[in-house]
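S.K.: Fold the following and give me the result.
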Amino acid sequence: MAGCRRLPETALIALGIALFLAAGGCSRSRSADEMVFERGCGACHTTETPLSKRKSLEDWRRTVKVMRERGAKISDEEEKMLAEYLYELRPDKR
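M.R.: Residues are numbered from 1 along each chain as shown. Next up is the predicted model:
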């Protein structure tokens, strides 16, 4: 193919990366709830521990309050948000 120019390999790689990132990449961004969950719960135990339970909203509120009393580093606002997030993920609606 006379007259055709080939892009250098590094340019092709950069173009591929740019297209991949423009399409959203392979990972989704984490919500504020997820980050508080990972930081607040994951500091003392795996995040699988709370995810193995199902509780009412009131029970999640009590659990999060107790965890905070035991040293979970979350604010008043994050305590409320975390209880609601856990209830959303693992509700017990009996």
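S.K.: Low-confidence stretches in this protein?
M.R.: Applying pLDDT under 70 to the chain picks out residues 1-12, 14-29.
S.K.: Can you point out the buried residues in stretch 72-90?
M.R.: Neighbour-count burial for stretch 72-90 flags 72, 74, 78-79, 81-83, 85-87 (criterion: 16 or more other CB atoms under 10 Å). Yep, even glycine has a C-beta here, placed from its N, CA and C like the rest.
S.K.: Could you pull up the contacting residues of Tyr85?
M.R.: By CB atoms under 8 Å, 6 or more residues apart in numbering, the contact set of Tyr85 is 33-34, 36-37.
S.K.: Show me the buried residues of stretch 72-90 that map onto helices.
M.R.: 78-79, 81-83, 85-87 (DSSP state H).
S.K.: quick check, nearest of these to Cys41?
M.R.: Leu82 (7.6 Å; CB to CB).
S.K.: Okay, that closest one and Cys44: tell me how far apart.
M.R.: Here Leu82 is placed at a distance of 13 Å from Cys44 (CB to CB, to the nearest Å).
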